[in-house]
Structures are given as C-alpha cells and as structure tokens.
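[1] have a look; sequence and predicted model below, questions after that.
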Amino acid sequence: MILRSQNDPIPYIKSLSFDKNKLNITVENTGNGPASSLAIGTMFVPAERTFHGDSESEKPLSGTEIKDALEKQKQLYVRYEMGRENLIENGREVTPIKLACLLINKPRNTMVLLPHETCSYTIDLSYGLRDVKGSARSWPHYDTLVNLLKENGVTCFALGLDLLCKNMAEDPIQDQSIAAFVVDLNIHSSIEEAHRENIAPHFMTIGIMELAERGIPLERDEYLLGKSPVNFPKSFEKGEL
C-alpha cells in the first residue's frame, strides 16, 4: 500500500479559467507515477434565488415582505438554495447526474500525464442528465443546457467541478473539488462571468483548502480520518454538522 501511494500521481492545478463557456486548465503531475484517464467531473444542480432580511436568516422573505423592505430601502441578502430535483427534456422526466469529461494530452495524443509533466487543456464541458424511469442519458453542452433550464423555468443553478484521475493500475485517485459556484442566468451571460463573481451556493460541498482559507478548524477525529482533499457540507461553516 505504501509503495503504491508513493507511485501514485498527484495532479496539481497550476491555472484555471473560462473563456466564455469553455474551460482552460493547466495541470501538473507532481507525483512519481503516471496519471491515467485525467478528467473533469461536472455536476449541476438547479437552484432558487431567495431573499432574506439578514445574513443569518434561514427563512426567505415573502413577495410582500420583499416589496416592503425595498420601499423602506432596507438591505436584502440573497441566497441560492437547492431548486427542483428533476427537469422535463423532450417530454420525459430527467435528473442531473455527474459526468467525467475526459482530457486528451494533445502534444502526445494520449490520456496519460507523466510524472512531473505539465499540460494545458481547453474543453467544452458537458453536463449529464438521466431519464428517471430508464437508463437513457444525454450530455448537453452549456448552451443546450441553458435552453433546457429556461424551458423548465429555471434561471439559476450551481455548478461543481472536480479533477479526476486514475493511477496506472486503473485505481481511481481521490477527487479534487476545484470549483463550486452559482450561475444566475439573470446576471451572467457566460460561465466565465459566473466564475469571476464566484457566488457560493448554500447547499454544495466545499474542499478542505477552502476551509483553511476561511479559517475554519476541523475536529481532530475528522482530521485524522479524512483524506485531503475532502469535502464538507456548507453547513459545516456554521458548526451544523
């Protein structure tokens, strides 16, 4: 086990950005073993925008309360909560699923990133949907997904991205959460704009690096039993685990 871990890949993200709706990412394999089947995991969750009277309030304001607050020029706080679970696509009920969008190392025309090799990738990500009553799947790109969401009356959603890879024994290496942010179609015309604003959803997980950046400590047992990078619910930030 120790020998295997010493020879596992360690993918490190050197840069990440969006050009409109395409992802640009540079990855370095800092480990001693090759990284196989490098991929970007995608997940989207329909969301709802709610308004609150203060930053700690869990109960959203009603339409009347919002109107009254605006008339009195009171400050409102916006939150993005989990929205509807399923959508309608071509007359069938579908639900979001996680995808793995594979990355090709084009300079060498391979899906392997060698130890201490760095490669840049540009990819038009796909987002997964599965028929709730069967196995039929679809994987639309962003523009098609946005049209589907609008047809379903959904105007905002949370987008989560992970970095995935395997070692040469085809054993998965633990996912790295690399982004989780809200796309509000009333505000953002592209993923690039949403990523730049980086609005945090209130129901998706955050990585251990974000916990460190926010100065949020771990309980010792969680530290000892966890594996980096590990994800925690957003509610952990308020001590609600």
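    The structure has been received and is ready for your questions.

[2] now do the helices in this protein.
    With helices called from DSSP state H, the chain shows them at 2-6, 63-71, 142-151, 191-197, 208-213, 220-225.

[3] care to break the chain down by domain?
    Annotated domains of the chain cover 2-203, 204-241 [automatic domain parsing].

[4] single out the most deeply packed of those domains.
    Each of those was scored by mean neighbour count; the highest is domain 2-203, a mean of 16, by mean count of other Cβ atoms under 10 Å. No exception for glycine: its C-beta is placed from N, CA and C like everyone else's.

[5] which residues touch the nearest residue to residue 116 once chain neighbours are set aside?
    In this structure, residue 116 finds its nearest non-sequential neighbour in residue 29, 6.4 Å apart by Cβ to Cβ, 6 or more residues apart in numbering. Taking Cβ atoms under 8 Å, 6 or more residues apart in numbering as the contact definition, residue 29 lies against 9-12, 35, 113-118.

[6] worst mean pLDDT among the helices of the chain?
    If you rank those by mean pLDDT, helix 2-6 sits at the bottom with a mean of 56.

[7] all strands for the protein, in order.
    Under the criterion DSSP state E, the chain contains strands at 11-19, 22-29, 36-52, 77-82, 87-89, 92-97, 99-102, 118-123, 128-131, 137-138, 156-166, 172-184, 205-207, 231-233.

[8] can you tell which of the ones you listed is closest to residue 62?
    Closest of the strands of the chain to residue 62 is strand 36-52, at 9.3 Å (criterion: Cβ to Cβ).

[9] partner strands of the closest one, with direction?
    Sheet pairing here is set by DSSP bridges, and for strand 36-52 it gives strand 77-82 (antiparallel), strand 99-102 (antiparallel), strand 156-166 (antiparallel).

[10] who wins for proximity to residue 23 among the ones you listed?
    Proximity to residue 23, assessed across the strands paired with strand 36-52 by Cβ to Cβ, is greatest for strand 156-166 (7.7 Å).

[11] quick check: angle from the closest one to strand 22-29?
    For strand 156-166 against strand 22-29, the angle by axes from the mean of the first three to the mean of the last three Cα atoms, to 10 degrees is 30 degrees.

[12] give me the residue at the spatial middle of the protein.
    By Cα atoms, centre = their mean, the chain has its centre lying nearest to residue 160, at 0.9 Å.
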